[in-house]
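Chemist: for reference, the sequence and a predicted model appear below.
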Amino acid sequence: MENLQKNPGPSSATKKVDNSTAKMNTIHGQSGSSCAIKQVDNSYGKFLVKLAELLTLRIVLDLATYFQFPEARCDELQRADYPGQLLVSNMQERGLISFNDITPLLEALKDLCLLGVMNDALSLFTEHTSNNSIILGKLKILQNGLKAVYKIFYKSIRPIPYIRDKLYCVDEVFVDSGIQLRKGSDKSIPSQFAESSANKTGNIELKSYRDIFDSNVLLSKRIIVEGEPGYGKSTLTLQAAYDWCTAKSSSPLAGFEVFILLQFRLLRDIKSIYKAIKLLALPRDCILTENDIKQILASCTRVVIVLDGFDEYPDMTNDLDSDMMEITKGKMFANQKTIIFTRTGCLPRNIDPDTMYVRMTGFDDAARDQYIQVAVRATSDLADEIKRDLDENPVMSDLCQVPLFFVMFAHLSSDSKDVLKCDSVTQFFTYMLRCFYDHMRKKTDEDRQHDTLTRETADKSGLCKLAFKALTGEKQTLVWEKEELVGKAGKECSEELVKIGILVEEELLSDETDSFGFKYVTYKPVIRFYHKTFTEWYAAQHLGELAKNFLFFRNLRLGRILQRIDPQDVQFVFRFACGLNPVTFKSIFKYLEGFNANVATLCIFEAARNVYEIKGIVQRLCSKQIELEDEDSRLLQRSKIQLLTTASGNQIPISSVKLLRCFQYVDLEEECVCLSSGLQLPRLDTLQELVLEFWHPKDLRDQARDILDYSARCVGLKSLK
Ligand SMILES: Nc1ncnc2c1ncn2[C@@H]1O[C@H](COP(=O)(O)OP(=O)(O)OP(=O)(O)O)[C@@H](O)[C@H]1O
């Protein structure tokens with residue numbers, strides 16, 4: 001039973017397999033079909049092979065109809081080279097057969113009056129799987145252990161750092177946010193679903209986060225879920241864990257035997273997934289060994305593996321492949337559903353080619369309203385007040401597309417009477433931190449503990465340096481041993497931030513070896529930031545300090561330092577640094593403009609300089625084509641529009657603007673193009689070229705006259721494409 005989950009690939013079929021299994025391996029490789037019978041040398045694997053041989057095309061189609069498979073699946077079965085194998089694989093996915101039960105199949109065969117086939121299937125099953133009760137017992141232990149650990153996670157939701165006395169269960173606060181299939185991935189969903197769910201820009205909207213786990217909606221077994229920072233990836237994984245633990249019948253997860261949830265940030269130096277499960281997902285006193293876990297997972301037919309935060313994986317660039325990397329390539333657990341969550345653009349290399357990409361798009365108005373109702377439990381007056389505050393503050397409203405910011409904004413609004421004036425994320429963070437400290441002061445007065453914290457006093461330079469090094473080092477670090485962090489950040493600083501809730505203390509199991517070489521497992525106290533964006537906040541302050549110091553060296557060394565910061569992964573380090581410290585802005589902009597115009601534009605927005613200071617920068621950006629896309633966040637689109645209006649208002653030529661599937665209609669009265677995001681692109685007098693790309697050619701035909709009219713009003717326009 002060793003190494004059963006490793007998929008050796010068609011050319012290296014396992015040594016011990018019998019002929020029929022070997023044949024199946026070869027077939028699987030040749031056809032490249034989604035036929036996914038496990039290539040295992042265990043008795044259950046042999047049963048599956050023999051069962052597949054028993055099923056003729058006629059029986060396969062009868063069973064598919066009986067089990068109400070979608071039309072697309074039935075077509076696939078009809079066309080398959082080996083329909084029996086494909087059906088067996090499909091039945092496993094749906095839990096109709098498993099290593100300990102084939103009752104649904106037997107009942108179906110009986111109802112279809114295929115009594116001979118039913119008896120043969122039953123004999124095969126009994127013959128091959130008489131030794132299952134031990135594994136079944138271990139499976140129960142694994143399931144209970146996982147549920148106990150996940151419960152601790154999903155019942156400890158803190159929407160803002162300082163809420164400690166009242167922790168929420170994820171199900172009490174979770175609301176469905178926007179989720180779309182990325183372009184190109186729409187081939188992997190049933191066609192009728194694709195047509196009915198495509199929106200105006202051609203993106204396919206999923207109805208619920210549950211679709212990600214539903215094999216009838218997303219046909220591929222490899223899924224990557226991308227989202228910008230704070231868009232709710234980790235929260236979604238916890239809601240999924242909750243669904244599995246509570247076996248919610250409305251959830252497709254209810255039918256999975258095992259649900260594995262691991263956080264990449266905790267996997268430093270852990271190569272084996274079985275070890276990771278043992279150390280991170282099971283209780284300390286769980287009796288299962290790594291080998292037991294391996295054996296159980298090899299025997300299960302319906303396992304879902306969720307790996308959260310690839311962007312936080314310390315070993316992502318490590319050449320020595322870990323199981324986690326093998327999983328992303330589709331070489332391990334090839335037949336199980338695996339879902340990787342990561343920040344947008346931060347993807348593993350050599351991903352399984354069948355991978356589907358899903359994109360989180362944040363909170364729309366409906367999600368925000370729902371959150372105010374279910375989680376803030378605001379009175380209708382307060383709910384109206386929160387909405388009014390957002391309506392009056394368009395930048396904050398854009399920012400609140402990000403669940404992390406909206407959730408904090410909503411809870412703080414219900415707690416504090418402060419009026420928020422905010423034109424950037426940096427200002428919002430500054431406001432938030434002031435609220436956190438105010439809250440502590442209030443609490444201190446209530447508790448009459450005069451020695452407790454009343455304002456931000458401790459020196460943060462050690463912590464800022466640590467955060468910066470952690471995000472820019474060869475291996476990203478987001479969790480520190482407590483001793484190390486206190487040593488480097490200072491006792492006063494760490495105590496202050498732990499009290500506020502920005503630093504969180506936890507315990508982590510780790511493998512140790514004593515001086516005699518004996519291995520043992522122990523709990524270590526560790527500290528992490530409440531959220532990765534806070535790590536970026538403190539890292540940005542250190543970057544500001546470096547920029548000040550390096551000014552004399554004409555930015556030479558600073559350039560080398562900036563190269564270590566990946567804007568795809570930790571864009572907020574750049575954005576906060578520009579917002580906090582004007583000295584940093586120009587160097588950062590110069591560095592970013594060549595290869596990441598989006599983050600560069602967001603940096604201008606943070607720095608909010610006056611036009612004369614940034615005239616040269618606007619000129620440089622507008623000399624190249626500026627693209628507005630449907631995938632841009634509202635804040636990014638707003639930043640680009642602000643850049644364009646600044647250019648136009650100051651007679652700076654704009655060489656080209658491309659609207660990529662985000663055109664909605666022209667409002668001639670307002671002289672603007674209305675975008676699908678709800679934002680407006682006003683008349684631009686210095687625009688030289690306008691390029692429009694539509695999802696449907698029909699949209700262009702319908703709008704042609706208004707587009708020409710708008711173009712005519714942009715007096716400098718020379719070309720329309
Ligand atoms: N769907 C949701 N319902 C309710 N609250 C949510 C939801 N999504 C996110 N939140 C809130 O936003 C916060 C940040 O979300 P989360 O940590 O899941 O984002 P993330 O995408 O994993 O961020 P990052 O990539 O920066 O790690 C959560 O602590 C939670 O309070």
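Modeler: Right, received. Where do you want to start? Small disclaimer: the values here were computed from a predicted structure and weren't measured. Residues are numbered from 1 along each chain as shown.

Chemist: and the strands in the stretch 601-721 of the chain, which stretches?
Modeler: 625-629, 656-660, 663-667, 672-675, 680-682, 689-693, 719-720 (DSSP state E, counting those that start in this stretch).

Chemist: between those, which one is closest to the ligand.
Modeler: Among the strands of the stretch 601-721 of the chain, the nearest to the ligand by Cβ to the nearest ligand atom is strand 625-629 (20.3 Å). To be clear about C-beta, it is placed using only N, CA and C from the backbone, and glycine gets the same treatment.

Chemist: now do the SS call for the nearest residue in space to E53 that is not next to it in sequence.
Modeler: The shortest distance from E53 to any residue other than its chain neighbours is 6.3 Å, reached at G84 (Cβ to Cβ, 6 or more residues apart in numbering). Using DSSP: H, G, I helix; E, B strand; the rest coil as the criterion, the local structure at G84 reads helix.

Chemist: tell me the contacts of G84?
Modeler: Neighbouring residues of G84 by Cβ atoms under 8 Å, 6 or more residues apart in numbering: L51, A52, E53, L54, L55, T56, V60.

Chemist: and those as TSV, adding pLDDT?
Modeler: Shown next, in TSV, are the contacts of G84 (pLDDT from 0 to 100):
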residue	pLDDT
L51	93
A52	94
E53	93
L54	92
L55	94
T56	94
V60	95
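
Chemist: which one among these gets closest to L167?
Modeler: Closest approach to L167 among the contacts of G84 (Cβ to Cβ): L51, at 47.6 Å.

Chemist: buried residues, the helix or strand where the closest one lies. List them.
Modeler: Assessed by DSSP states H and E, L51 sits inside helix 43-54. Residues S43, Y44, G45, K46, F47, L48, V49, K50, L51, A52, E53 are the ones in helix 43-54 that count as buried (16 or more other Cβ atoms under 10 Å).

Chemist: which secondary structure elements does whatever helix or strand D62 lives in contact?
Modeler: Following DSSP H and E, one finds D62 within helix 57-66. Applying 3 or more Cβ pairs under 8 Å, 6 or more residues apart in numbering; DSSP states H and E, we find helix 57-66 packed against helix 71-79, helix 83-93, helix 103-111.

Chemist: the inter-axis angle of the longest one versus helix 57-66?
Modeler: For helix 83-93 and helix 57-66, the angle between their directions (axes from the mean of the first three to the mean of the last three Cα atoms, to 10 degrees) works out to 30 degrees.

Chemist: enumerate the residues of the stretch 351-500 of the chain near the ligand.
Modeler: When proximity is defined as Cβ under 6 Å from any ligand atom, the stretch 351-500 of the chain approaches the ligand at Y371, P403, L404, V407.

Chemist: go again with 5 Å.
Modeler: Taking Cβ under 5 Å from any ligand atom as the contact definition, the stretch 351-500 of the chain meets the ligand at P403, L404, V407.

Chemist: likewise the chain?
Modeler: Residues of the chain lying near the ligand by Cβ under 5 Å from any ligand atom: 159, 173-175, 177, 227, 229-235, 343, 403-404, 407, 532.

Chemist: out of the residues you listed, list just those in helices.
Modeler: Using DSSP state H to define helices, the subset of the residues of the chain next to the ligand located there is V173, K233, S234, T235, P403, L404, V407, K532.

Chemist: and the strand or helix carrying V504, what does it pack onto?
Modeler: Using DSSP H and E, V504 sits in strand 503-513. On a contact count with 3+ Cβ pairs under 8 Å, 6+ apart, strand 503-513 meets helix 491-500, strand 519-529.

Chemist: tell me the mean pLDDT for the longest one?
Modeler: Right, strand 519-529. Strand 519-529 comes out with an average pLDDT of 83.

Chemist: surely L122 and L106 touch.
Modeler: Yes: contact criterion Cβ atoms under 8 Å: L122 and L106 qualify, at 6.2 Å.

Chemist: show me how far stretch 705-721 is from its chain's centre.
Modeler: 40 Å (Cα atoms, centre = their mean, to the nearest Å).

Chemist: for it, give the mean pLDDT please.
Modeler: Here the average pLDDT along stretch 705-721 is 87.

Chemist: now do stretch 536-550
Modeler: Over the span of stretch 536-550, the pLDDT mean works out to 86.

Chemist: okay, now the unreliable bits of the stretch 601-721 of the chain?
Modeler: Under the criterion pLDDT under 70, the flagged ranges of the stretch 601-721 of the chain are 608-613.

Chemist: in it, what residue is nearest the ligand?
Modeler: Closest contact between the stretch 601-721 of the chain and the ligand, by Cβ to the nearest ligand atom, is at S633 (12.8 Å).
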